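Asks: I would like to see how this sequence folds:
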Amino acid sequence: MLDKVTVSDVETLMLEIGVQAKQAARHLAIATSEAKNRALLAAADAIISAKDEILAANARDLQSVSDKGLQPSFIDRLTLNETRVDDMAEGLRAIAALPDPVGGVIAAWERPNGLKIERVRTPLGVIGVIYESRPNVTADAGALCLKAGNAVILRGGSDSLHSSQAIHRCLVEGLTLAGLPEHAIQIVPIADRAAVGAMLSGLQGAIDVIVPRGGKSLVARVQSEARVPVFAHLEGLCHIYVDGSADLDMAVSVVVNAKMRRTGICGAAETLLIDRKVASTHLAPILQALIAKGCEIRASQDVQALVPGLKAATEEDWRTEYLEAILSVTLVDGIDGAIAHINTYSSNHTEAVLAEDPQVVARFFNEIDSAILLHNASTQFADGGEFGMGGEIGIATGKMHARGPVGVEQLTSFKYRVHGTGQTRP
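Replies: This is a model prediction of the structure:
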């Protein structure tokens, strides 16, 4: 790690990283599936072999933030243990097992003049990934970009720098063993924020797309300053609606899981909406189950009237991604009220409906425009791995190019191949 650098040093360093990434991207675009998979499997083995080194590096990171008063959800995202390291390695193996998207024919057709046209997947080129606290993103993002034939520049948070660097060394070991350019996966070796600004500038055309993965302030900065396309994920303000037709036992189980399985992930539910028609039967059992798991409830006035002793919700609560064991709760007038509330406050990430009425489900799916919609399932399934993608580089909430979990297919573009037999245009 470079401890002290000037702005000029940062600019020079980042431009060099950009040049190296661009060169590596040209090699990766024509790399065989076998070579990419060999690199991923070798990196997975290296992560297992380096488990003690990775955990020691993570302990250094945790020690450095121990007196900063950070939220428990942040510490949870930063923390690695043996199981999480094993999961990283398994994630690389799962990505290796996926079909190679590069060169895949998306569509093919023939024109009346005999021209045969194919739309074919191609790599994006060089991807810049800017993320906070989660060292496992180093492995996920590096592997997904490699599988899709892209070079990647990783800029992790300063709080996870030692962990991310230890994981990155394993990825480079995999690339080297497979005969692929070691600069295909690079990590910014400094914590200086000027490195983020340099990436957002595009590094003189080296970076083709930026993927931010972090808190609201980071993503807002990226969206404001980036001079290259962005796969945006602003925040996970996720809702779960319990309809009057919902099965109570299922509702209790799913709501508790959606909020409490892991409170610090972007797919955790932050607002619970309950159909006013079943408030007398469904509200108390659901809230009691949440409170028993240690969840703080912030309730609207009508909820407080039915379940006394709860903290009052404010207008700000409906707009807050807590990322901890807090849930805002209100009653709504059926599916109409649920749709109105979600469309007012949602960040367009993930929403769930618990209902047995197919007309309610159809309206929920048709009238809510979030990237992921679930029926009778926990919002915590908002994850590329759970979608069978082998992993994800993030959840995109915008509407251009990629939306929802960004896996290997979403990290490609396409080109057209046109085959003729001598045709000329009249």
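Asks: burial count for residue 375?
Replies: If you count neighbours by other CB atoms under 10 Å, residue 375 ends up with 15. C-beta coordinates here come from the backbone N, C-alpha and C atoms, glycine included.
Asks: Secondary structure element holding the nearest residue to it once chain neighbours are set aside?
Replies: Spatial nearest neighbour of residue 375, chain neighbours left out: residue 361 (5.1 Å); criterion: CB to CB, 6 or more residues apart in numbering. Per DSSP states H and E, residue 361 falls inside helix 358-367.
Asks: Can you give the contact residues for that helix?
Replies: 241, 243, 245, 334-335, 338-339, 343, 351, 353, 355, 373, 375 (CB atoms under 8 Å, 6 or more residues apart in numbering).
Asks: want to throw these into a markdown table with pLDDT, secondary structure and distance to residue 103?
Replies: Listed next are the contacts of helix 358-367 as a markdown table, based on pLDDT from 0 to 100; DSSP: H, G, I helix; E, B strand; the rest coil; distance: CB to CB, whole Å:
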| residue | pLDDT | secondary structure | distance to residue 103 |
| --- | --- | --- | --- |
| 241 | 98 | strand | 42 |
| 243 | 98 | coil | 45 |
| 245 | 98 | coil | 47 |
| 334 | 98 | helix | 49 |
| 335 | 98 | helix | 44 |
| 338 | 98 | helix | 44 |
| 339 | 98 | helix | 42 |
| 343 | 96 | helix | 40 |
| 351 | 98 | strand | 36 |
| 353 | 98 | strand | 39 |
| 355 | 98 | coil | 42 |
| 373 | 98 | strand | 32 |
| 375 | 98 | strand | 35 |
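Asks: most neighbours, which of those?
Replies: Counting neighbours by other CB under 10 Å, residue 351 leads the contacts of helix 358-367 with 29 neighbours.
Asks: in the helix holding residue 361, what's buried?
Replies: By neighbour count with 16 or more other CB atoms under 10 Å, helix 358-367 contains the buried residues 360, 361, 363, 364.
Asks: could you say what helices and strands the helix-or-strand element of the chain with minimal mean pLDDT packs with?
Replies: Least confident element among the helices and strands of the chain, by mean pLDDT, DSSP states H and E: helix 216-225 (a mean of 83). Secondary-structure packing of helix 216-225 (3 or more CB pairs under 8 Å, 6 or more residues apart in numbering; DSSP states H and E): helix 194-200, strand 209-213.
Asks: and the angle for it with strand 209-213?
Replies: Put simply, helix 216-225 runs at 160 degrees to strand 209-213, going by axes from the mean of the first three to the mean of the last three CA atoms, to 10 degrees.
Asks: what's helix 216-225 in contact with?
Replies: With contact meaning CB under 8 Å, 6+ apart, helix 216-225 is reached by 130, 132, 196-197, 200, 210, 212, 230, 232-235, 321.
Asks: For this protein, which segments count as helices?
Replies: 7-28, 33-49, 51-64, 72-78, 82-97, 136-147, 161-177, 194-200, 216-225, 248-260, 284-292, 301-306, 334-345, 358-367 (DSSP state H).
Asks: Single out the most deeply packed of the ones you listed.
Replies: Of all those, helix 136-147 has the most neighbours on average by mean count of other CB atoms under 10 Å, namely a mean of 28.
Asks: I'd like to know how many residues surround residue 316.
Replies: Per other CB under 10 Å, the neighbour tally for residue 316 reads 9.
Asks: Can you give the distance of stretch 344-362 from its chain's centre?
Replies: Distance of stretch 344-362 from its chain centroid, counting by CA atoms, centre = their mean, to the nearest Å, is 21 Å.
Asks: Just the CA trace of that stretch, in CSV.
Replies: Extracted in CSV, the C-alpha atoms of stretch 344-362 (Å, rounded to 0.1, in the frame of the first residue of the first chain):
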residue,chain,number,x,y,z
THR,A,344,-44.3,7.1,-3.3
TYR,A,345,-41.4,5.9,-1.1
SER,A,346,-39.7,3.0,-2.9
SER,A,347,-36.1,3.1,-4.2
ASN,A,348,-37.2,0.7,-7.0
HIS,A,349,-35.0,-2.1,-5.6
THR,A,350,-37.2,-5.0,-4.3
GLU,A,351,-40.8,-5.4,-3.1
ALA,A,352,-42.8,-8.5,-2.0
VAL,A,353,-46.5,-9.3,-1.8
LEU,A,354,-47.9,-12.0,0.5
ALA,A,355,-51.3,-13.0,-0.9
GLU,A,356,-53.4,-15.9,-2.1
ASP,A,357,-55.6,-13.7,-4.3
PRO,A,358,-54.2,-14.0,-7.9
GLN,A,359,-55.8,-10.6,-8.9
VAL,A,360,-53.9,-8.9,-6.0
VAL,A,361,-50.7,-10.5,-7.2
ALA,A,362,-51.3,-9.5,-10.8
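Asks: which pair in the buried residues of helix 358-367 spans the largest distance?
Replies: 361 and 363 (7.4 Å; CB to CB).
Asks: so who does residue 271 touch?
Replies: Neighbouring residues of residue 271 by CB under 8 Å, 6+ apart: 237, 238, 239, 240, 317, 318, 327, 328, 329, 330, 341, 345.
Asks: And those, which is closest to residue 395?
Replies: For the contacts of residue 271, the residue nearest residue 395 by CB to CB is residue 238; the value is 10.3 Å.
Asks: my guess is the closest one contacts residue 263, does it?
Replies: No. With contacts counted by CB atoms under 8 Å, residue 238 stays clear of residue 263, the gap being 11.6 Å.
Asks: Compare neighbour counts for the two and give me the winner.
Replies: Neighbours per residue (other CB under 10 Å) separate residue 238 from residue 263, with residue 238 holding more: 28 against 22.
Asks: Which pLDDT value does the model give the more buried one?
Replies: Looking at residue 238, its pLDDT is 97.
Asks: how near is it to residue 356?
Replies: To residue 356, residue 238 is 22 Å away according to CB to CB, to the nearest Å.
Asks: picking that back up, got the contacts of helix 358-367 as JSON lines, with distance to residue 389 columns?
Replies: What follows is the contacts of helix 358-367, written out as JSON lines (distance: CB to CB, whole Å):
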{"residue": "241", "distance to residue 389": "26"}
{"residue": "243", "distance to residue 389": "29"}
{"residue": "245", "distance to residue 389": "32"}
{"residue": "334", "distance to residue 389": "34"}
{"residue": "335", "distance to residue 389": "30"}
{"residue": "338", "distance to residue 389": "29"}
{"residue": "339", "distance to residue 389": "28"}
{"residue": "343", "distance to residue 389": "28"}
{"residue": "351", "distance to residue 389": "20"}
{"residue": "353", "distance to residue 389": "23"}
{"residue": "355", "distance to residue 389": "27"}
{"residue": "373", "distance to residue 389": "17"}
{"residue": "375", "distance to residue 389": "20"}
